[in-house]
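Colleague: Mind looking at a prediction? Sequence and model below.
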Amino acid sequence: MSVSTFDCLLSSLRTVLTFMDTNMRRSISPAERLIVTLRFLATGNSFASLPFEFLLGTSTILRIVHHTCHVIWQQLRETEMPQPKADDWVRFPNCIGAMDGKHIRVKKPPHSGSRFFNYKQYFSVVLMAVADSNYWFIMVDIGAYGSTADAHIFSVSRMGERLRANQLALPESRRLPGYAGPPAPFVIVADEGFALTPHVMQPFPKRSLDVRKRILCR
């Protein structure tokens, strides 16, 4: 992260990361709170290793990271990831984004059994996201068990529920450019792991393809 980006982020968060000094000690500054959090997120170091870098207690660092992450989300989500509007969906013909899940490796949480153990043979939580053609996230769901299939994660997520309930302000169906056939709905494109629905498009299964479908898959 550049210095200018850090300063911009700190300016947005300074007020909510500022705590009062007491007669016993001075509060940790907003800049240090943000640095500690970014260091943790960037390196993946454990809470136990960071005290040697910042001369802070492990429990203090844990509270700082949890609080700062919460503040970042609460303060910036409306500007950095706003609720999409109808006009946002029409930038590309009938496609509102591409969707997939990403496994984020974690240490096995205590007493979690095999819920976080994924098919890749490690423990994870899943980041489910819809991204646009610029690789920017449009919608996200974070924290599902690594053992859960992508299709189920999307189905029970808030964005999946809102898509089924027609609450995403999707435009009415319209014809594709250069096509004189019936209007087509706006869709999210995904891989074969997701169910085919009116607003989720997946490729043809790779088994038993006829000639026409083989051409369309290329």
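Modeller: Arrived safely, thanks for sending. Numbering: from 1, shown residues only.
Colleague: helices and strands around the helix or strand where residue 75 lies, which ones?
Modeller: Here residue 75 is covered by helix 58-80, with elements defined by DSSP states H and E. Other helices and strands packing on helix 58-80, by 3 or more CB pairs under 8 Å, 6 or more residues apart in numbering; DSSP states H and E, are helix 3-13, helix 30-43, helix 51-54. Just so you know, the C-beta spots here come from the backbone N, C-alpha and C atoms, and that holds for glycine as well.
Colleague: Stretch 208-218 - what's its average pLDDT?
Modeller: Stretch 208-218 carries an average pLDDT of 67.
Colleague: actually stretch 115-130, not the one I typed
Modeller: In this model, stretch 115-130 has a mean pLDDT of 94.
Colleague: which stretches of the protein have low pLDDT?
Modeller: Along the chain, segments meeting pLDDT under 70 span 213-218.
Colleague: Do you have the strands of it handy? List them.
Modeller: With DSSP state E as the criterion, the chain has strands at 95-105, 124-131, 137-145, 187-189, 200-201.
Colleague: closest to residue 21 out of the ones you listed?
Modeller: Closest to residue 21 of the strands of the chain is strand 137-145 (CB to CB; 34.8 Å).
Colleague: now the angle between strand 124-131 and the closest one, please.
Modeller: Strand 137-145 runs at 160 degrees relative to strand 124-131, counting by axes from the mean of the first three to the mean of the last three CA atoms, to 10 degrees.
Colleague: In its sheet, which strands sit next to strand 137-145, and in what direction?
Modeller: Here strand 137-145 is paired, per DSSP bridges, with strand 124-131 (antiparallel).
Colleague: ok, back up a step: quick one: the helices and strands packed on helix 58-80 as TSV, columns for mean neighbour count and distance to residue 168 too.
Modeller: Output for the helices and strands packed on helix 58-80, formatted as TSV (neighbours: other CB atoms under 10 Å; distance: least, CB to CB, whole Å):
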stretch	mean neighbour count	distance to residue 168
helix 3-13	13	27
helix 30-43	17	29
helix 51-54	13	42
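Colleague: contacting residues for the nearest residue to residue 160 once chain neighbours are set aside?
Modeller: Nearest residue to residue 160, sequence neighbours excluded (CB to CB, 6 or more residues apart in numbering): residue 154, at 4.5 Å. Residues near residue 154 by CB atoms under 8 Å, 6 or more residues apart in numbering: 99, 101, 128, 141, 160, 194.
Colleague: Across the sheet, point out what pairs with the residue nearest to the spatial centre of the chain.
Modeller: With distances taken as CA atoms, centre = their mean, the residue of the chain nearest its centroid is residue 140 (3.6 Å). Counting by DSSP bridges, residue 140 is bridged to residue 129.
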